[in-house]
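K.L.:
need a 3D model of the sequence below.
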Amino acid sequence: MTAALLWGLSVGLILIGLIGTLLPVMPGALLVFLGMVAGAWADDFSRVGWTTLAILAILTILFYVIDFLAGAYGARRLGASRWGVVGAILGALVGMFMGFVGIVVGPFVGAVAGELLARKGLAEASRAGAGAWIGLVLSIAARLALVFAMLGIFIVAYLY
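P.N.:
Prediction:
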């Protein structure tokens, strides 16, 4: 592949990945990472080497860990029981396969269902669900921060 084609692929994947960071339906960090690999490849890995790519891969994995645990953390902070936390995690996992609405609603529904299974009232269960949703919103902010950190690391490695 030519360098120009690889750079085009790199920029395209990074831009789509940035959009995917905001829309949980798309694998945002993975696309950004693959774009950075294409950018490193365009320069035969002379400016951005394997150590930098390994650091970026770790940040990509951290992106998904945060994504799955954020809803559970938010539910827990607002008083959810173990059932609510497990429900939020399961709701996030199941929601991934139901598109955008499933990803947004899944942790909430899972936390509420878990709390209801724990024999808590609807008000407590709803509070846990709200916590799961707040965790989801905070995870979007954390994911954006991680992706921009990845971009910063890549740019610094490329320029220096």
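K.L.:
tally up the residues packed near the nearest residue to residue 35 once chain neighbours are set aside, please.
P.N.:
Among residues not flanking residue 35 along the chain, residue 13 sits closest, at 3.2 Å (Cβ to Cβ, 6 or more residues apart in numbering). Every residue, glycine included, has its C-beta placed from N, CA and C. Around residue 13 there are 21 other residues, counting by other Cβ atoms under 10 Å.
K.L.:
avg pLDDT for stretch 121-141?
P.N.:
What stretch 121-141 shows for mean pLDDT is 83.
K.L.:
quick one: the residue nearest to residue 35 from residue 31, how far?
P.N.:
To residue 31, residue 13 is 5 Å away according to Cβ to Cβ, to the nearest Å.
K.L.:
can you check residue 4 too?
P.N.:
Here residue 4 is placed at a distance of 20 Å from residue 31 (Cβ to Cβ).
K.L.:
which strands and helices sit next to the top helix by length along the chain?
P.N.:
Determined from DSSP state H, the single longest helix within the chain is helix 122-159. Contacting helix 122-159 under the criterion 3 or more Cβ pairs under 8 Å, 6 or more residues apart in numbering; DSSP states H and E are the following elements: helix 3-22, helix 28-42, helix 50-77, helix 82-96, helix 99-117.
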